[in-house]
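In: Sequence and predicted structure are below.
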Amino acid sequence: MKSITLYTEKNTLVHQADPLCKVLYVFVALLAPALIGGKSASVGMIFISFVILGIGRVLRKTMPLLGFSMLILATVVIIQGLFRQGNITPLFSLGGLIFYKEGLSYALGVVLNVVNIILSFAILILTTKPSDMVEAFVRIGLSPKLGYVMGSVFQIVPQMSESMETITDAQRSRGMETEGKLMTRMKAFFPLISPVVMNSLITTKERAIALEVRGFCSTDKKTFLSEDKKRPADQAVKIILLAVLAAALIWRVVSWLA
């Protein structure tokens, strides 16, 4: 069964790392700059994320995400640089439009925060199988029922797409026109969507029966197909990340008291 995911399978240290370790990195990458304040912390986290993506050999996959976001962030820079309340110091003019230092400085902070968020989540999404991430959460105490729901989310769309393709081919073999003008495709839509919905309901019922037969709702301790391999490197990285987060929190408290 395919899953709706951006995961890129490669044999790298980043891919082999514990999913919980990468989830923790996302939290640290988002919280540490916010606690420390200033743009230097965001720049530092962005640099670290670039290095991790490079080690994971998925940096090229991140470029389209950054490119799309930059189109939106460009409008933020223009609007804030021109019209932000509190703009006082002109920095430069372009075609008769005056860009102000205060607005551009604020926009730069927004851009750095967004890029930091994209890169940190890219590490998690591009190098972690959704099933492995769900299993890691279940191992630490997440309800298996909730874990099953989370895992199913990544399979719903591909499953319905495959079902739609199969039913479309079957209807086409019976002489139904499914391609051509807009009205032709609209007429074919309703005869196609009904079997897809019915097939999804039947599949859901069959899956529920299969889970019950396998004792999914049993209160006994669950076992896992794959072995939980705890590596010293993962534990060391978690300790370092928690230390960074604690240091950022202490920095914020000291700054408030100073």
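Out: Everything's here; your move.
In: any idea how far whichever strand or helix holds residue 71 is from the chain center?
Out: For residue 71, the host element (DSSP states H and E) is helix 59-83. Between the centre of helix 59-83 and the centre of its host chain there is 18 Å, according to CA atoms, centre = their mean, to the nearest Å.
In: helices or strands up against the following helix or strand past it?
Out: Helices and strands here follow DSSP H and E; after helix 59-83, the next one along the chain is strand 90-94. Strand 90-94 is packed against strand 97-100, helix 101-127, with contacts defined by 3 or more CB pairs under 8 Å, 6 or more residues apart in numbering; DSSP states H and E. All C-beta spots, glycine's among them, are computed from the backbone N, C-alpha and C.
In: how close does residue 72 get to residue 61?
Out: Between residue 72 and residue 61 the computed distance is 19 Å (CB to CB, to the nearest Å).
In: Which strands and helices lie in contact with the longest helix along the chain?
Out: Counting by DSSP state H, the longest helix found in the chain is helix 182-213. Using 3+ CB pairs under 8 Å, 6+ apart as the contact criterion, the secondary-structure elements in contact with helix 182-213 are helix 144-173.
In: just the angle between the helix it packs on and helix 182-213, please?
Out: If you take axes from the mean of the first three to the mean of the last three CA atoms, to 10 degrees, helix 144-173 sits at 140 degrees to helix 182-213.
In: that older thread, just checking, what packs against the helix holding residue 71?
Out: The helices and strands touching helix 59-83, judged by 3+ CB pairs under 8 Å, 6+ apart, are helix 39-55, strand 97-100, helix 101-127.
In: okay, these, which one's buried deepest?
Out: Each of those was assessed for mean neighbour count using mean count of other CB atoms under 10 Å. The highest is helix 101-127, with a mean of 19.
In: For that one, the averaged confidence score.
Out: Confidence for helix 101-127, expressed as mean pLDDT, is 92.
In: which helices and strands does the following helix or strand past it pack with?
Out: Downstream of helix 101-127, the next assigned helix or strand under DSSP H and E is helix 130-139. Using 3+ CB pairs under 8 Å, 6+ apart as the contact criterion, the elements in contact with helix 130-139 are helix 19-36, helix 144-173.
In: Quick check: which ranges of the protein have low pLDDT?
Out: Counting by pLDDT under 70, the chain has low-confidence residues at 1-5, 153-158, 176-178, 180, 182, 185, 188, 258.
In: Let me see the domain layout of it.
Out: When the chain is parsed into structural domains using automatic domain parsing, the resulting residue ranges are 13-128+228-257, 143-213.
In: tell me the phi and psi of the closest residue in space to residue 7 that isn't next to it in sequence?
Out: In space, and not counting its chain neighbours, residue 7 is closest to residue 129: 5.5 Å by CB to CB, 6 or more residues apart in numbering. Comment: the main-chain dihedrals of residue 129 come out as phi -70, psi 130, following degrees, to the nearest 10.
In: quick one: which of residue 72 and residue 61 has more around it?
Out: More neighbours surround residue 61 than the other of residue 72 and residue 61, with 17 against 9 (other CB atoms under 10 Å).
In: give me every residue that touches that one.
Out: 6, 8, 122, 126 (CB atoms under 8 Å, 6 or more residues apart in numbering).
In: Okay then, goodbye and thanks.
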